[in-house]
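Visitor: Give me a model of this one.
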Amino acid sequence: MGKITERNDVKIYILYLMRNINYPLSYLTLNEIVMQTDLVNYLDFDDAFYELIDLQLIEEVYKDENDTKYYVVTRKGRMVAEELKSDLLPSILEKSLSMALRYLDFQRRGVDFDCVITSRPLDQTFDVSFNITEHGKVLLSTTLNVESEIQANRIKKNFFSHPEVIYHGSLSLASGNVNYIYDKQRE
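Guide: Model prediction:
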């Protein structure tokens with residue numbers, strides 16, 4: 001998928017995601033969702049988000065006990081998102097929404113994840129161990145042995161960036177549903 005750089009496309013993209021997620025999101029959560037897709041850079045997102053507020057296409061609905069503001073798409077914003085979504089490829093919108101929902105599922109469920117790199121001096125390799133748990137129950141626990149520290153750090157970075165993708169990908173491979181992996185490679 002290519003980057004979305006046109007200001008109006010970025011705004012439409014944000015409106016589309018918020019409208020289809022359909023519950024209040026904080027700025028930080030929405031930013032994390034958008035950054036997961038790697039389609040919009042941070043500065044474009046930030047500018048578009050606050051423009052959407054100024055245009056009354058999204059609005060604050062409440063603040064939590066930590067003063068975090070939560071936003072929803074207004075009625076006017078829903079109409080704009082519906083009318084203009086055809087400017088972006090439907091496949092980009094659908095894949096992005098799917099990624100957002102997977103991310104939110106992990107966040108809402110309170111899933112914890114951790115990754116540790118251990119050096120093995122005898123054979124000069126590295127073990128990369130990662131765990132995903134939900135309320136103390138292990139969802140995924142595995143260790144990979146790799147040849148270099150660079151590769152180990154790449155795996156760790158990718159794991160922390162997309163733990164839900166690692167989990168769903170592992171589950172798909174183990175259950176024989178390789179279409180999930182092939183679909184991810186095409187994105």
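Visitor: Remind me what the helix or strand hosting residue 128 packs against, helices and strands.
Guide: Using DSSP states H and E, residue 128 sits in strand 125-134. Under the contact criterion of 3 or more Cβ pairs under 8 Å, 6 or more residues apart in numbering; DSSP states H and E, strand 125-134 touches strand 111-120, strand 137-146, helix 149-161, helix 163-175. C-beta: built from backbone N, CA, C; applies to glycine.
Visitor: What are the neighbouring residues in contact with residue 152?
Guide: Contacts for residue 152 (Cβ atoms under 8 Å, 6 or more residues apart in numbering) come out as 117, 126, 128, 146.
Visitor: What pLDDT does the model give the residue most central in space within the chain?
Guide: Nearest residue to the geometric centre of the chain (Cα atoms, centre = their mean): residue 36, 3.5 Å. Among the per-residue scores, residue 36 shows a pLDDT of 76.
Visitor: In the protein, where is pLDDT below threshold?
Guide: 1-2, 85-88, 178-187 (pLDDT under 70).
Visitor: How is the protein divided into domains?
Guide: If you go by automatic domain parsing, the domain ranges for the chain are 7-108, 110-186.
Visitor: any idea which of the ones you listed is most buried?
Guide: domain 7-108 (a mean of 16; mean count of other Cβ atoms under 10 Å).
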